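Visitor: structure for this input, please:
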Amino acid sequence: MKAQVSRAVGELSAYKTPFEGRVGSNGDVTNSDIGYSPSSLTSGDLGTNIGTLNSDGSGQLQVTMGGNAHPDVSGLILRFDRNTAGQWECVIDNTGVASIWRSSYLPPGCQL
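Guide: Predicted structure coming up:
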């Protein structure tokens, strides 16, 4: 399960660079803008944008574990938050899987 969470975080992280290219465009960040391809470990699809860009330059990238992920981590929300200074932070929301979540699943550099 830890390997699946780490893999999904790594896949999501790859979209930070193309997201940065959209900052300052004063527009939405669509899946096509960042070259998003849904992972087999998440419930994402091409029709639902994973990125949000705010007018102040802050934003986020977010997916939910699902698909072929282990049932114990299905429903886990993985997010990268971008502040106005352009710094990214990995945040894991385990609310949907809190009863079975283990601290050992948390990838390095991410926080709950």
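Visitor: can you get me a residue count around I50?
Guide: Using other CB atoms under 10 Å, I50 has 25 neighbouring residues. Quick note: C-beta positions are derived from backbone N, CA and C, even for glycine.
Visitor: residues in contact with it?
Guide: The contact partners of I50, taken as CB atoms under 8 Å, 6 or more residues apart in numbering, are L12, Y15, N31, I34, Y36, G44, L61, Q62, V63.
Visitor: what sits against D28?
Guide: Residues in contact with D28 (CB under 8 Å, 6+ apart) are N49, G51, L53.
Visitor: so the last one sits right up against V23, yeah?
Guide: Yes - the pair L53 and V23 qualifies as a contact (CB atoms under 8 Å) at a distance of 6.7 Å.
Visitor: who's more crowded, these two?
Guide: Regarding L53 and V23, a neighbour count based on other CB under 10 Å identifies L53 as having more, with 23 against 16.
Visitor: just checking, L41 touches H70?
Guide: No - counting by CB under 8 Å, L41 stays clear of H70, with 9.0 Å between them.
Visitor: what's the closest of the contacts of I50 to G86?
Guide: For the contacts of I50, the residue nearest G86 by CB to CB is L61; the value is 13.7 Å.
Visitor: helix or strand: which one has the spatially closest residue to the closest one that is not a sequence neighbour?
Guide: Spatial nearest neighbour of L61, excluding adjacent residues (CB to CB, 6 or more residues apart in numbering): F80 at 4.6 Å. Assigned by DSSP states H and E, F80 belongs to strand 77-82.
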